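J.: sequence? don't have it. structure:
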């Protein structure tokens, strides 16, 4: 009998004053293209080194019509290789050549250690004419495109499957990968869906290693996606597993409600949902396009995983202790002792203004 998945805990951490607040060093050395190529030699037996011509042919010369994603670090293009395989080609565009090479080495160095059904599969890379990562393209695109841009709505069974698979992928990154990985940008746009709607976590451009001896990173600059940022990250720059866990909780709310995590000039999804959750008014939470076509027990379990600090089994609402979990989570995502709605919104707006000012420079 297959063991049913246990969701990762979803909550806002209570920051321990007794814990070390050391910042884990994250050196980003400068690399010239030549030195970068020297560092790639050990990847080549397993992953293809694409030429610029091959990538241009696959993406119709990086046509704007083939762009399927864009962020602060690069653009992602849909492509098709000569053998017919669909791929996603990420071209890094941030900063100087040294910046792009450093970003490339950092992301590639993480991706090559990941092997899981719920994580995007690396096919190869290219360093001719720029820094490129080539990954297998999931036929159904991203969760964001289907939740927010598709006329055909996802049924409940598919949403539940996506929740389970994403939780499995995160647990792998946090517990079972060769080294502990914090993704830092879990969101609907970074969940790709295979032909049978199995989720695959993608885009490790912001990911960080978290050595076993460290409790967390402390970041001096804020990167990520507004609406998914955990309060302790906005307050203190703290990054650990709970950073991803909070974002996963927001993702659960998106699956339940069909709403975006954050809409310009509107409140965040978490704050919108708070009074409904406090009143147990789950009927108002559910995506209206589903009607009554959803499993009430599964809905309650997803909401419980959103609220509980200790991990619970998806087959049963009863919480259970997570194996290997050494740090505690707050009992409810909304009850961080030193954080309330007003302060969260102020920090959210402040960091958004900083980011917008920076992008205009």
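T.: Looks like it arrived, so ask away. The model shown is predicted, which means the values in this text are computed figures rather than measured ones.
J.: What are the structural domain limits within this structure?
T.: 33-136, 143-360 (automatic domain parsing).
J.: any chance of those domains in CSV, plus mean pLDDT and mean neighbour count?
T.: Placement of C-beta: from N, CA and C, glycine included. Formatted as CSV, the domains of the chain follow (pLDDT from 0 to 100; neighbours: other Cβ atoms under 10 Å):
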stretch, mean pLDDT, mean neighbour count
domain 33-136, 85, 17
domain 143-360, 73, 18
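J.: need the strands for the stretch 1-150 of the chain, in chain order.
T.: Using DSSP state E, counting those that start in this stretch, the strands found in the stretch 1-150 of the chain span residues 48-49, 67-70, 74-80, 86-92, 122-126, 132-136.
J.: Indicate which one of those is closest to residue 273.
T.: For residue 273, the closest of the strands of the stretch 1-150 of the chain is strand 67-70, at 26.5 Å, according to Cβ to Cβ.
J.: Quickly run through the sheet partners of that closest one, with directions.
T.: Partners of strand 67-70 in the sheet, by DSSP bridges, are strand 74-80 (antiparallel).
J.: How are the helices of the chain distributed by residue range?
T.: Along the chain, counting by DSSP state H, helices occupy 33-39, 52-58, 97-111, 143-148, 156-171, 231-236, 241-257, 269-278, 282-285, 296-307, 341-360.
J.: now those helices in a markdown table, with distance to residue 89?
T.: What follows is these, written out as a markdown table (distance: least, Cβ to Cβ, whole Å):
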| stretch | distance to residue 89 |
| --- | --- |
| helix 33-39 | 18 |
| helix 52-58 | 6 |
| helix 97-111 | 13 |
| helix 143-148 | 18 |
| helix 156-171 | 22 |
| helix 231-236 | 30 |
| helix 241-257 | 25 |
| helix 269-278 | 31 |
| helix 282-285 | 38 |
| helix 296-307 | 34 |
| helix 341-360 | 24 |
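J.: Select, out of those helices, the one closest to residue 69.
T.: Of all the helices of the chain, it is helix 143-148 that lies closest to residue 69, at 9.4 Å by Cβ to Cβ.
J.: Counting by contacts, list what the closest one packs against.
T.: For helix 143-148, the packing partners by 3 or more Cβ pairs under 8 Å, 6 or more residues apart in numbering; DSSP states H and E come out as strand 191-193, helix 241-257.
J.: quick one: contacts for residue 143?
T.: Residues counted as contacts of residue 143 (Cβ atoms under 8 Å, 6 or more residues apart in numbering) are 162, 188, 189, 191, 192, 193, 199, 251, 254.
J.: need the residues you listed in TSV with distance to residue 170, can you?
T.: Listed next are those as TSV, based on distance: Cβ to Cβ, whole Å:
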residue	distance to residue 170
162	12
188	14
189	16
191	11
192	15
193	16
199	10
251	10
254	15
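J.: Looking at the residues you listed, which two lie furthest apart in space?
T.: Using Cβ to Cβ, the pair of those lying farthest apart is 192 and 254, separated by 15.2 Å.
J.: Residue 156 and residue 294 touch, don't they?
T.: Yes. Between residue 156 and residue 294 there is a contact under Cβ atoms under 8 Å: 4.0 Å.
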